[in-house]
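# Below is the sequence, then the predicted model.
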Amino acid sequence: MINDLNQLRADALAQLAPIWDDTALEEWRVKYLGRKGAISASMEQLGALPKEERGAVGKLANETKGELEAAYIAKVGAMKQRALSESLEAEPLDVTLPGRPVLRGRLHPATANLREIYRIWGDMGFQIFRSRQVESDEMNFQLLNIPPNHPARDNWSTFYVADTEQRVLLRTHTSPGQIRAMRQLSQGGTQPVRVILPGMCYRYEQISARYEIQFNQVEGLAVGRNVTFADLKGTLTEFARRMFGERPVRFYGDHFPFTEPSAQMDVQCIICDGAGCAMCKYTGFLEILGAGMVHPQVLRNGGYDPAEWSGFAFGMGPERIAILKHGIEDIRYFWANDLRFLEQF
Ligand code: FA5
């Protein structure tokens, strides 16, 4: 019996060696390791042996089984390896080549810039209020002290969408959002408001390096019991410091029908540090926003009593700010979808 087992092992290993295909391997496994295979048959014969031999034969049978199983597993591994090598040789594949770079999207520079502005105002306690892009003439102009035929309308060349009684238009600035924010958030003129109103505006402009027909604005509005011009100056100066770093700012008088008094804020030119260059038209300063104390009539239109409440508002053009920050020569790059421009950010 011991000889039989040794013979069985030698035969099995000899037959396994030249096998390289799955069918033959499976036949081999069934023949030797299967439930009705040679090893099982040997085990079944153990019972018929004299007691003294049973131990030694049983041990050998187990060892043989273990050896054949190990040989089977090794063969499966070797066959997989051979199949891989053959396929690598058949198809010319250089596994040492570096992988193809995956193109990853990124934020559009205008979006990234807007988010930076949101973050700064958020840190300073201003919430974002989303207002609509299609507005009525009443909101965009009349409630902001710009009645029909008022000369100030020339500053906001307008795209009208529908010439109905309401005169529906694409908002020319984010300022109509002031009225909506006050009406929606003030709870009947009893609560303070501190919001920014970002979004697209549209003007019927001659497109140039500084003027687009479509551009973002970020409006700001703070209404409270004792809001003063000093608050306006302090808040906007702090915004400029966080946005542009330590550089001088200056305020001077401007005019908007919906603020009184009105001002413009400039920051020292980022390109020439105030020495004078083409970007700042040799003035050393760049205009970044218009602002002012909310006109009493506008407060009233928003539902507040101007005898008790006051507020400041401002409006900035984030694309203009990005132009200043990154030294971009032309605003048209923002919406031209030219990857050579976009990939620089
Ligand atoms: C206004 O639109 C006022 N509503 C701003 C304001 C708000 C004043 C609240 C007072 C209180 P202005 O027309 O200057 O103002 O526009 C504000 C900013 O929008 C400009 O400084 C500029 O950065 C940007 N802007 C205006 N027109 C264009 C345009 N055609 N292309 C790109 N940016 C523009």
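In hand now; what should we look at?

# who's in contact with Q133?
Applying Cβ atoms under 8 Å, 6 or more residues apart in numbering, we find Q133 in contact with 170-171, 199-202. For the C-beta atoms, the positions are set from N, CA and C on the backbone; glycine is no exception.

# Show the pLDDT at it.
On pLDDT, Q133 comes in at 97.

# what's the spacing between it and Q217?
11 Å (Cβ to Cβ, to the nearest Å).

# Mutual contacts of the two, please.
Once Cβ under 8 Å, 6+ apart is applied, the residues that Q133 and Q217 both contact turn out to be 199, 201.

# tell me, which of the contacts of Q133 make contact with the ligand?
Here nothing survives when the contacts of Q133 are matched to the ligand using Cβ under 6 Å from any ligand atom.

# Need the residues you listed in a markdown table (columns: secondary structure, neighbour count and pLDDT).
Below are those laid out as a markdown table (DSSP: H, G, I helix; E, B strand; the rest coil; neighbours: other Cβ atoms under 10 Å; pLDDT from 0 to 100):
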| residue | secondary structure | neighbour count | pLDDT |
| --- | --- | --- | --- |
| L170 | strand | 19 | 96 |
| R171 | coil | 25 | 97 |
| G199 | strand | 18 | 96 |
| M200 | strand | 12 | 96 |
| C201 | strand | 22 | 97 |
| Y202 | strand | 21 | 97 |
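
# And these, which is closest to the ligand?
Distance to the ligand across these (Cβ to the nearest ligand atom) is lowest for C201, with 7.2 Å.

# what sits against that closest one?
C201 neighbours (Cβ under 8 Å, 6+ apart): 133, 170-174, 214-217.

# again, 7 Å this time
By Cβ atoms under 7 Å, 6 or more residues apart in numbering, the contact list for C201 reads 171-174, 215, 217.

# Take those and keep only those in helices.
Applying DSSP state H to the contacts of C201, no entry is found in helices.

# Now distance to A90 too, for these, in TSV please.
Formatted as TSV, these follow (distance: Cβ to Cβ, whole Å):
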residue	distance to A90
R171	65
T172	67
H173	67
T174	64
F215	59
Q217	63
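
# Cross those against strands and list the overlap.
Mapping the contacts of C201 onto strands (DSSP state E) picks out 215, 217.
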